[in-house]
Structures are given as structure tokens and as C-alpha cells.
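Undergrad: would you be able to build a 3D model of this:
(one chain, ligands or ions: 1)
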Amino acid sequence: MSINIYNYMQRVTSILLSSFISLPYLFQISMPLQEEAGEQLLVVFDGDEDRKKFRIRNLTKQSEPAGVPILNGINVDIPEGVILGIIGPSGSGKSTLLRALNRLWEPPLGTVFLDGRDIRELDVLALRRKVGMLFQLPALFEGTVADNIRYGPQLIGKRLSDDEVFKLLRLADLDPSFLSKPGGELSVGQAQRVALARTLANKPEVLLLDEPTSALDPISTENIEDVLVNLKKKQGMTVIMVSHCIKQIQRIADIVCLLVNGEIVEVLKPDQLSEAKHPMAQRFLQLSS
Ligand SMILES: Nc1ncnc2c1ncn2[C@@H]1O[C@H](COP(=O)(O)OP(=O)(O)OP(=O)(O)O)[C@@H](O)[C@H]1O
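TA: A predicted model of the protein is given here:
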């Protein structure tokens, strides 16, 4: 078995970065491509301009120094208060796209806008509080569950009370008795829920999730899915989730973007996935179902 050291290091760096720094309606879907400034724009929201949470324009990335395209001119609008699923074959650029949205890599100026503002012009720490991220494998800090959850607010001089920590635990579907448990003694599923509570402690407006339940059992997976749906419904949170599980996307997403070779080739409602037209997307969906 070969190990891709580059990918491994990138993942570890991202976990550390996001942990330390960010600790971090329905809508009408308009499928047809629309021309904007000569480029193809996938519009996933056809309504009020104000409700676009992210606007992504011609987002491109190449590997260095080889210059191999990773993202190939992504154009998409992401509405506020929806769960957007991103699916696609391995290596198609899903995680890279997600990481651009809270600057775990720096997208070029003029390519990613949050609430109408270029994210490159925002303070990066403030951006990461607003746009929290959760990875496939949770990385908790040393200390108790409460220490982990209090970490983010503490960075801006706020100490969460026990009651506030209890609320976050409940929100992440964890029993209050977890408060004083050492982070190192938790199962992966429990740790993932603590990582979620820790991210939520920053009161993010957007959650970026990179295969957040792939290491979890079906019950923990269902619990996390319920939490995400509730956050959307009760707090209007925007959730952008990469998942390899088509069924999961069909359970909770409002819209699905299909990414192939660094391009969004289709935007569909979850119940319309079988109608995908792109040959690679069709094949991917056939093999995944
Ligand atoms: N900074 C970089 N330099 C070089 N190659 C990179 C860089 N970032 C990503 N890649 C490569 O770009 C491609 C897309 O990677 P990415 O992790 O975004 O894909 P993915 O769709 O999330 O894959 P998976 O489903 O396997 O997690 C891969 O071939 C990856 O090795």
C-alpha cells in the first residue's frame, strides 16, 4: 500500500490550523447554465441577492510546481441557510474547494465572496470563526471536553459558563456528563461530536464539513445528521458538506454539486441525482448507489 505523504501532511496541517485558529428556505434551483462575464455560472439560487452566502467566481488552482489543474474555474452561488452537498470521484477537488472557503489555502483575490465581501479582504481569524470547519477525523486538544469547547471563545477573551458548555454539548447530542471527561478518552464518534460543539462555540454562520461522519457508526452518523438539519432549520446555518455517501446527501442536503476533474459539472436536487447528464457523473452515481 502506498501512502501519499503530501495528502497526509496537508490533512494534519489543516486539522491543526483549523483547530487552533478557527476553533476552530427553500429556494428555487436554476439548473441551466447562465452566462456571466463570458463564463459559465452555475446558479444554485435564483432568489434574493442578499441570501447568497458564498459567491465563487472562476476559482482555479493548480498544483505546484507541476501546474496540474486541481480546480478548474469554479463558478457557483451558494444560498444562505441550506445544506449543500458536494460529491464526486476521489481526487476531483472536493476538499480543495472546501478549504478555499475559509482560507486554509488562499484563493486568488476576486474569486470567493462571503456575504458579498471578498474573503481575502477579511481578517482571517474572524473569517474562520464565521466559517467553521470539521474534518473526517476529529483532533481534540489535551485537556477535558470543556477545555476543548471553551478554547475558541477564550481566544477572544470570553469564558463560557458551565451552562453554556452544557448547551453546546446538548446541541452536539452529547450528555452533560461529558463536560469533565478527558478528550483523549473518547471514541471517535464522541470526539467528532465534541469537535462539532467546539466549532459551534464560535457561533459560526457556515459549517464546512469534510466527510464528517465517515469514521462514525450509523447511530452517531444519524445523530450528527439530525444536529446539522436542526442547525439549518433553527439557526439558518449554511452547511457545505463533502460526502462520499450518496444516501447521506439524499437524506439531508437541499442541493448537490457534482464535482468532476476540478469542475462543477452539475447542480441538482438530491432526488434528481439519477438525472445527471455528465457521463463521468452518471458513472460515479451508478457505482456509488
Ligand atoms: N496543494 C496541492 N499541491 C499539489 N497537489 C494537490 C494540492 N492540493 C490537492 N492536490 C491534489 O489535487 C487533487 C484533488 O485533491 P482533493 O483532496 O481536493 O480531492 P478530493 O475530491 O477531496 O478527493 P478525496 O475524495 O479522495 O478526498 C488530488 O490529486 C490531490 O493530490
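
Undergrad: can you tell me the SS state at residue 66?
TA: Classification of residue 66 using DSSP: H, G, I helix; E, B strand; the rest coil returns coil.

Undergrad: how about the helices in the stretch 101-250 of the chain?
TA: For the stretch 101-250 of the chain, the helices defined by DSSP state H, counting those that start in this stretch cover 124-130, 145-155, 162-171, 188-200, 218-235, 246-252.

Undergrad: residue 92: which of the ones you listed is closest?
TA: helix 246-252 (14.4 Å; C-beta to C-beta). Where you see a C-beta, it was placed from the backbone N, CA and C, and this is true even at glycine.

Undergrad: pLDDT of that closest one, averaged?
TA: Average pLDDT, helix 246-252: 92.

Undergrad: can you pull the buried residues of it?
TA: Within helix 246-252, the residues that count as buried by 16 or more other C-beta atoms under 10 Å are 246, 248, 249, 251, 252.

Undergrad: doesn't residue 87 make contact with the first one?
TA: Yes. Contact between residue 246 and residue 87 holds when scored by C-beta atoms under 8 Å: they sit 6.6 Å apart.

Undergrad: pull up the overlap in contacts between these two.
TA: Taking C-beta atoms under 8 Å, 6 or more residues apart in numbering as the criterion, residue 246 and residue 87 both touch residue 288.

Undergrad: hmm, back to that, could the helices of the stretch 101-250 of the chain be laid out in JSON lines, adding distance to the ligand?
TA: Listed next are the helices of the stretch 101-250 of the chain as JSON lines, based on distance: least, C-beta to the nearest ligand atom, whole Å:
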{"stretch": "helix 124-130", "distance to the ligand": "18"}
{"stretch": "helix 145-155", "distance to the ligand": "25"}
{"stretch": "helix 162-171", "distance to the ligand": "27"}
{"stretch": "helix 188-200", "distance to the ligand": "17"}
{"stretch": "helix 218-235", "distance to the ligand": "18"}
{"stretch": "helix 246-252", "distance to the ligand": "13"}
